[in-house]
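A.B. asks: no sequence for this one, just the structure:
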Ligand code: IPE
Ligand code: IPE
Ligand code: MG
């Protein structure tokens with residue numbers, strides 16, 4: 001932790017929490033057991049992010065595609081989400097954490113949606129870490145929604161086609177209130193994005209680890225941030241340009 005450069009922290013970290021099922025199956029347990037253990041990692045990582053001073057943390061908890069999993073796993077996960085939120089909100093609130101949810105929340109059962117809305121309202125005024133949970137989320141769904149949104153504005157005469165910019169698109173996304181992730185972490189040895197924040201990750205640094213999500217702890221988060229801090233983010237420029245810019 002003391003090796004972290006606090007002036008160079010990523011403004012937003014996004015995590016694909018993968019590997020719960022394999023972690024459980026490797027020890028002869030049901031996949032759901034892995035999801036329950038995964039909640040402990042969420043708690044540890046949220047604590048660590050708060051302690052380090054990260055402003056925005058997005059956790060990919062359930063994708064639109066995950067609805068296609070066996071019914072027993074989907075139902076189990078929904079129960080786990082609702083129970084966890086109900087149980088954790090008081091502590092999150094005490095720690096000044098603001099909760100937000102992104103995704104196609106209309107697909108969630110009404111009681112789950114109510115729990116999310118409750119948690120969002122309760123923590124809305126908090127000024128510490130913003131914890132964004134991507135639930136029933138898919139980036140292609142989000143982009144389609146954004147396109148519809150923008151087209152409606154044009155049709156109604158509230159927006160001129162020539163005025164459509166990158167800002168227009170960013171503002172039409174579910175993440176409009178947050179800066180783009182600067183660091184994206186995926187656990188459990190898969191090297192793909194799986195329909196996560198495709199537009200927003202344009203210039204994120206990607207970090208992959210073999211560690212399964214239920215084993216992921218504060219030290220793993222610190223390792224990922226240290227790796228991020230060792231990288232040269234060029235944004236299309238040359239290395240020497242960056243060195244000149246930093247001397248200005
Ligand atoms: C990630 O773990 C959690 C969710 C997708 C809900 P997985 O359930 O994908 O675990 P693996 O990848 O099958 O091991
Ligand atoms: C991505 O993990 C979604 C979440 C972590 C919530 P998956 O396990 O669903 O992704 P794929 O199927 O391996 O690409
Ligand atoms: Mg997986």
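C.D. replies: Yep, it's here. Everything quoted here is computed from the prediction, not taken from an experiment. Ligands and ions are numbered 1, 2, ... in the order given.

A.B. asks: C-alpha only now, for contacts and for neighbours.
C.D. replies: Fine.

A.B. asks: what does this protein put close to ligand 1?
C.D. replies: Residues of the chain lying close to ligand 1 (C-alpha under 6 Å from any ligand atom) are 17, 18, 19, 20, 21, 22, 61, 62.

A.B. asks: how close does the fifth one get to residue 84?
C.D. replies: Distance check for residue 21 against residue 84: by C-alpha to C-alpha, to the nearest Å, it reads 18 Å.

A.B. asks: and those two? Which one has more around it.
C.D. replies: Taking neighbours as other C-alpha atoms under 10 Å, residue 21 and residue 84 compare with residue 21 leading, 20 against 13.

A.B. asks: helix, strand or coil for the more buried one?
C.D. replies: Put simply, residue 21 is helix when judged by DSSP: H, G, I helix; E, B strand; the rest coil.

A.B. asks: ok, now how distant is it from residue 32?
C.D. replies: Where residue 32 is concerned, residue 21 sits at a distance of 7 Å (C-alpha to C-alpha).

A.B. asks: same question for residue 113.
C.D. replies: Counting by C-alpha to C-alpha - residue 113 and residue 32 are separated by 21 Å.

A.B. asks: looking at these two, which is more packed in?
C.D. replies: Set side by side, residue 113 and residue 32 show more neighbours around residue 32, with 19 against 16, by other C-alpha under 10 Å.

A.B. asks: ok, the more buried one touching residue 19?
C.D. replies: No - checked against C-alpha atoms under 8 Å, the pair residue 32 and residue 19 is beyond contact range at 11.5 Å.

A.B. asks: spell out whether the biggest helix by length in the chain and ligand 2 are in contact.
C.D. replies: Assignment by DSSP state H gives helix 71-94 as the longest helix of the chain. No - judged by C-alpha under 6 Å from any ligand atom, helix 71-94 stays clear of ligand 2, getting no closer than 10.8 Å.

A.B. asks: what are the buried residues along the helix or strand that that helix is followed by?
C.D. replies: For helix 71-94, the following helix or strand on the C-terminal side (DSSP states H and E) is strand 98-102. Buried residues in strand 98-102, counting neighbours by 16 or more other C-alpha atoms under 10 Å, are found at 98, 99, 100, 101, 102.

A.B. asks: now do stretch 21-40
C.D. replies: So stretch 21-40, judged by 16+ other C-alpha under 10 Å, has buried residues 21-24, 31-40.

A.B. asks: tell me which element the one residue sitting closest to the centre of the chain is part of?
C.D. replies: In the chain, the C-alpha nearest the mean C-alpha coordinate belongs to residue 58, at 2.2 Å (C-alpha atoms, centre = their mean). Using DSSP H and E, residue 58 maps to strand 56-63.

A.B. asks: same thing with residue 234?
C.D. replies: With DSSP H and E as criterion, residue 234 is part of no helix or strand.

A.B. asks: do the same with residue 15
C.D. replies: Residue-wise, residue 15 maps onto strand 12-16 under DSSP H and E.

A.B. asks: so in that sheet, which strands flank that strand, and in what orientation?
C.D. replies: strand 56-63 (parallel), strand 183-186 (parallel) (DSSP bridges).

A.B. asks: contacts for the first one?
C.D. replies: Residues outside strand 56-63 that contact it (C-alpha atoms under 8 Å, 6 or more residues apart in numbering) are 11-17, 49, 129-138, 178, 195-196.

A.B. asks: next one: that strand to chain centre, how far?
C.D. replies: 3 Å (C-alpha atoms, centre = their mean, to the nearest Å).

A.B. asks: same check on stretch 10-20?
C.D. replies: Distance, centroid of stretch 10-20 to centroid of chain: 6 Å (C-alpha atoms, centre = their mean).

A.B. asks: check whether the strand holding residue 58 comes near ligand 2.
C.D. replies: Yes - looking at strand 56-63 against ligand 2 by C-alpha under 6 Å from any ligand atom, the contacts come from 60, 61, 62, 63.

A.B. asks: ok, those residues vs residue 157, which is closest?
C.D. replies: Distance to residue 157 across the residues of strand 56-63 next to ligand 2 (C-alpha to C-alpha) is lowest for residue 63, with 34.3 Å.
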